[in-house]
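K.L.:
following is a predicted model, sequence given first.
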Amino acid sequence: MTEHPLKVRGMTVALDGRPVLRQVDLDVSAGEFVTLLGANGSGKSTLVRAAIGLVPTSAGTVELFGTPLRQFKDRSRLGYVPQRSRAVAGVPATMQEIVMSGRLARRRVAGWRTKADIAAVDAAIAKVGLSDRARSSVSEMSGGQQQRALIARALATEAELLIMDEPIAGVDHDNQETLADLLATLVGEGTSVLLVAHELGPLRPLIDRAVVLERGEVTYDGDVVAIRDAEHVHVHHHSSRPEKSDGFSGNPVGRDQVV
Amino acid sequence: MTRLFEALQFEFMRYALAAAIFTGLAAPAVGTFLVQRRLALLGDGLGHVALTGVALGLLANIAPTLTAIVVAALGAVLIELLRMYGRTSADVALAMLFYGGIAGGVLLTNLAGESAASLNAFLFGAITTVGTGDLVLVGVLGLVVVVVSLGLSPQLFAVCQDEEHAKVSGVPVRAYSILIAVLAAVTITVAMQTVGLLLVSALMVVPVAASQQLTRSFRTTHLAAMGIGLFAAVGGLFGSYEIDTAPGPTIVILALAVFAVASLIGAVLTRTRSRRRPVDSL
């Protein structure tokens, strides 16, 4: 039996004294595709950021591949795609250079790139379908392409667990489809995925399990089929509530009548 | 050309040339990382702090270059710690470095019984007064800065590009942030002799700004910036000999001229490139 890629127990996080997560448990098993859902401010991003050591926790434990986070050194098993595109800095950089930094988990302190690094970077760029832009400056690329570049950076690590923080937010439909195809391939190869999402779109069929956060607490953990509308993240036992109708839809005459 | 050879007949010009070469290469080598991190003014802030170090040297009768290095390096570590743990934003922390550095420098110089005018050589550079001891120090430190900046460039690039991703990858982000700041501090004391503390940031930033007008990749920007820095430092030195001006400002003006030309060429290139681009790829 292989160890869990991610095991979070009783995680509590406070930012500026304000509690953001309370006693959260979260597991990702080997080869599993888990999505983390919740409204804005529910603590989804904080949870994944705390799980990889970017946000300090005030209680609870995190284990990555069976090793406590603090002792976890095998960083190349972990691929991380941050939420907002931080692809552009003060000096130009090509997509290839950005993706190459995904290989640093394998030579953290010093060392230059090897042939294996170059091959992995080329392969990662090909997987996100941007081989023709490899030598383009990322600042000349569209937002969706920059997001794909950051995904390629995580892929170049050749990670076993991929943690993605809203990779499809603000990405057009074509780019979402490309990403869904890519993730389907990776899952087929045995990669575990933890995906923070606001909406599921074309990714829905890939997902094994959904975890819903509300105000820093897990309110649902189970089959994704029960998630009726990911955008509002209501589990079906909530959905018997009447649809809120705004009564104004599309008819200016009707609006006059209402008023 | 004969004027150049004539200039090199003087020992002080040969020393000055060597100092210019080291500064011209080292300043943009580390400056590129500062610009990438959007901390372009850090060099200037540390330059001001180094002034306090100089004054401390005058007061204690120790070589001012040494005290400047120590104080600037301490300032560099301090500002990185403030950035990491403090609630002070980077620009406010920088502003405090500027004020504290200048005030401390002048105050300590007064205490040493000298007028602030004796700081002039350090503020504006005195490349033609470089002695053998200075040259050895400038050479060794300049070489260290260039070797470390180029040798660790994959790691430093990652830290400056996306600190959080670098941290998740296991790169020692804190140590490397401090390393970059300390390299900047060392470079400043190296460049103190050539362009002076007030203009030191120019040689760390302007060549980088010039080179990125024409480049797409980090690597090319980095190397081209070092080339432009070298050209400005050496060209400015001979130019100042030719037209009888102070070398420091001449070097900086030459660097700015390269920037102006590079932005013009860059603008023309972008325009022709976008004209050539087919409509469907927009």
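P.N.:
Structure received. Numbers count the residues shown, from 1 in each chain, chains lettered A, B, ... in the order given.

K.L.:
near chain A, which residues of chain B?
P.N.:
Within chain B, the positions near chain A by CB under 8 Å from any CB of the partner chain are B:32, B:35-38, B:40, B:151-152, B:154-155, B:157-158, B:160-162, B:164-172, B:208, B:212, B:215-219, B:221-222. Using the backbone N, CA and C atoms, a C-beta is placed for each residue, glycine as well.

K.L.:
ok, for A:Leu6, nearest residue in space, not its chain neighbours?
P.N.:
A:Val28 (4.1 Å; CB to CB, 6 or more residues apart in numbering or on different chains).

K.L.:
can you count the residues close to that neighbour?
P.N.:
25 (other CB atoms under 10 Å in any protein chain shown).

K.L.:
can you check the one 5 residues further on too?
P.N.:
Here the count is done by other CB under 10 Å, and A:Phe33 has 23 residues near it.

K.L.:
rewinding a little: please list only the buried members of the residues of chain B next to chain A.
P.N.:
Buried members of those, counted by 16 or more other CB atoms under 10 Å in any protein chain shown: B:32, B:35-37, B:40, B:152, B:154-155, B:157-158, B:160-162, B:165-171, B:208, B:212, B:215-219, B:221-222.

K.L.:
which strands or helices does the helix or strand hosting B:Val147 pack on?
P.N.:
Take DSSP states H and E as the rule and B:Val147 turns out to sit in helix B:132-151. Counting contacts by 3 or more CB pairs under 8 Å, 6 or more residues apart in numbering or on different chains; DSSP states H and E, helix B:132-151 is packed against helix B:11-36, helix B:64-85, helix B:173-192.

K.L.:
let's see 6 Å
P.N.:
Helices and strands touching helix B:132-151, by 3 or more CB pairs under 6 Å, 6 or more residues apart in numbering or on different chains; DSSP states H and E, are helix B:11-36, helix B:173-192.

K.L.:
tell me which of the ones you listed lies nearest to B:Met204.
P.N.:
helix B:11-36 (3.1 Å; CB to CB).

K.L.:
which helices and strands does the closest one pack with?
P.N.:
Using 3+ CB pairs under 6 Å, 6+ apart, helix B:11-36 sits against helix B:132-151, helix B:153-161, helix B:173-192, helix B:200-211, helix B:218-243.

K.L.:
out of these, which comes closest to A:Ala197?
P.N.:
So among the helices and strands packed on helix B:11-36, helix B:153-161 is nearest, using CB to CB, at 25.5 Å.

K.L.:
and the closest one with helix B:218-243, angle?
P.N.:
In terms of direction (axes from the mean of the first three to the mean of the last three CA atoms, to 10 degrees), helix B:153-161 departs from helix B:218-243 by 90 degrees.

K.L.:
list the contacts for A:Val138?
P.N.:
A:87, A:95, A:98, A:146, A:149 (CB atoms under 6 Å, 6 or more residues apart in numbering or on different chains).

K.L.:
pLDDT check: weakest of those residues?
P.N.:
pLDDT across these is lowest for A:Ala87, at 62.

K.L.:
buried subset of the contacts of A:Val138 as a ChimeraX selection?
P.N.:
ChimeraX command restricting the contacts of A:Val138 to the buried ones, with burial defined by 16+ other CB under 10 Å:
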select /A:87,95,98,146,149
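
K.L.:
can I get the contacts of A:Val138 in CSV with distance to B:Gly86 and secondary structure?
P.N.:
What follows is those, written out as CSV (distance: CB to CB, whole Å; DSSP: H, G, I helix; E, B strand; the rest coil):
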residue, distance to B:Gly86, secondary structure
A:Ala87, 28, coil
A:Met95, 35, helix
A:Ile98, 29, helix
A:Gln146, 31, helix
A:Ala149, 32, helix
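
K.L.:
quick one: which of the contacts of A:Val138 is nearest to chain B?
P.N.:
A:Ile98 (6.7 Å; CB to the nearest CB).

K.L.:
residue contacts, that closest one?
P.N.:
A:138, A:149, A:153.

K.L.:
so the second one makes contact with A:Glu97?
P.N.:
No: in this structure A:Ala149 lies outside contact range of A:Glu97 using CB atoms under 6 Å: 10.1 Å.

K.L.:
now A:Thr219, nearest residue through space, not along the chain?
P.N.:
Using CB to CB, 6+ apart, the nearest residue to A:Thr219 is A:Val212, at 5.2 Å.

K.L.:
do B:Ala68 as well
P.N.:
Leaving aside its sequence neighbours, B:Ala68 sits nearest to B:Gly53 (CB to CB, 6+ apart; 3.7 Å).

K.L.:
give the contact list for that neighbour.
P.N.:
B:67-68, B:71-72.

K.L.:
let's see it at 10 Å
P.N.:
B:46, B:64-75, B:101, B:104-105, B:108, B:122, B:185, B:188-189, B:192, B:197 (CB atoms under 10 Å, 6 or more residues apart in numbering or on different chains).

K.L.:
for B:Val195, same thing?
P.N.:
Neighbours of B:Val195 in contact, by CB under 10 Å, 6+ apart: B:20, B:23-24, B:27, B:47, B:124-125, B:127, B:188, B:201-204, B:232-233, B:236, B:246-252, B:255.

K.L.:
please report how far it lies from chain A.
P.N.:
22 Å (CB to the nearest CB, to the nearest Å).

K.L.:
need the three-state assignment for that residue.
P.N.:
Secondary structure state of B:Val195, per DSSP: H, G, I helix; E, B strand; the rest coil, is coil.

K.L.:
ok, now how distant is it from B:Leu82?
P.N.:
B:Val195 is 27 Å from B:Leu82, where distance means CB to CB, to the nearest Å.

K.L.:
near chain B, which residues of the stretch 151-259 of chain A?
P.N.:
Counting by CB under 10 Å from any CB of the partner chain, the stretch 151-259 of chain A comes close to chain B at A:153-154, A:157, A:163.

K.L.:
hang on, the earlier thing: what would the helices and strands packed on helix B:132-151 look like in JSON lines with mean pLDDT and distance to A:Asn40?
P.N.:
Formatted as JSON lines, these follow (pLDDT from 0 to 100; distance: least, CB to CB, whole Å):
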{"stretch": "helix B:11-36", "mean pLDDT": "93", "distance to A:Asn40": "31"}
{"stretch": "helix B:173-192", "mean pLDDT": "91", "distance to A:Asn40": "28"}
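
K.L.:
how about those in JSON lines, adding distance to A:Val193?
P.N.:
As requested, the helices and strands packed on helix B:132-151 are exported to JSON lines (distance: least, CB to CB, whole Å):
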{"stretch": "helix B:11-36", "distance to A:Val193": "31"}
{"stretch": "helix B:173-192", "distance to A:Val193": "25"}
